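1. The sequence and its predicted three-dimensional model are supplied below.
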Amino acid sequence: MNRRASHVRREKKHSQHAEFLRDEKRKSLGRIADSFPNLCSVRLSLSFSDPDRVILPQVSNLERGPEHSAYFREKCTHECVGGGFDLTPVIEKMVKRKEADTSGTMKCEGWQDPERIGRHRCGCQLEYKISCIYSE
């Protein structure tokens, strides 16, 4: 087996393990009401863009209440390998500090496609605005 095939196999295995860990994290966090009892709702304004301009920019507005999952992971708009955007740490930090609003940018670190594993990252970008509403 050549080096390239070996590298691709390792990356696919790594990707599968990362997916397993994400699923475990999602299960452990449960619902918003369980993980963040003082959080009434979370509003997310998400704008996805592609630096290569292969796909058109996409905007998504979401609202999640106490009954929704406390795991805030959004899929990448590309069909990349192992990519996506985990906003959970951002929201955890907001709740810890009781912040009402925040914004920022994330870059997808997935691989563009199975043939480019180890050579070309996805690079899709997410600009986010998050608003949290707390109970008294």
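-> Yep, that arrived.
2. now the helices: where do they sit in this structure?
-> In the chain, the segments counted as helices under DSSP state H are 3-29, 32-35, 88-97.
3. Show me which residues of the last one are buried.
-> It stands for helix 88-97. 88, 90-91, 94-95 (16 or more other C-beta atoms under 10 Å). All C-beta spots, glycine's among them, are computed from the backbone N, C-alpha and C.
4. Which residues does that helix contact?
-> Contacts of helix 88-97 from elsewhere in the structure, counted by C-beta atoms under 8 Å, 6 or more residues apart in numbering, are 25, 29, 36, 38-39, 42, 70-73, 99, 102, 104, 128, 130, 132.
5. run the last query once more with 6 Å
-> With C-beta atoms under 6 Å, 6 or more residues apart in numbering as the test, helix 88-97 has contacts from 36, 39, 71-72, 102, 132.
6. Most widely separated two among those?
-> Using C-beta to C-beta, the pair of the contacts of helix 88-97 lying farthest apart is Y71 and T102, separated by 17.9 Å.
7. Between the two, which is the more surrounded one?
-> The residue with more neighbours, out of Y71 and T102, is Y71; 20 against 16, by other C-beta atoms under 10 Å.
8. List the backbone torsions phi and psi for the more buried one.
-> Per-residue torsions, Y71: phi -100, psi 110 (degrees, to the nearest 10).
9. How about the contacts made by the spatially most central residue of the chain?
-> The centre of the chain sits closest to F85, judged by C-alpha atoms, centre = their mean, with a distance of 2.0 Å. The contact partners of F85, by C-beta under 6 Å, 6+ apart, come to 74, 106, 126.
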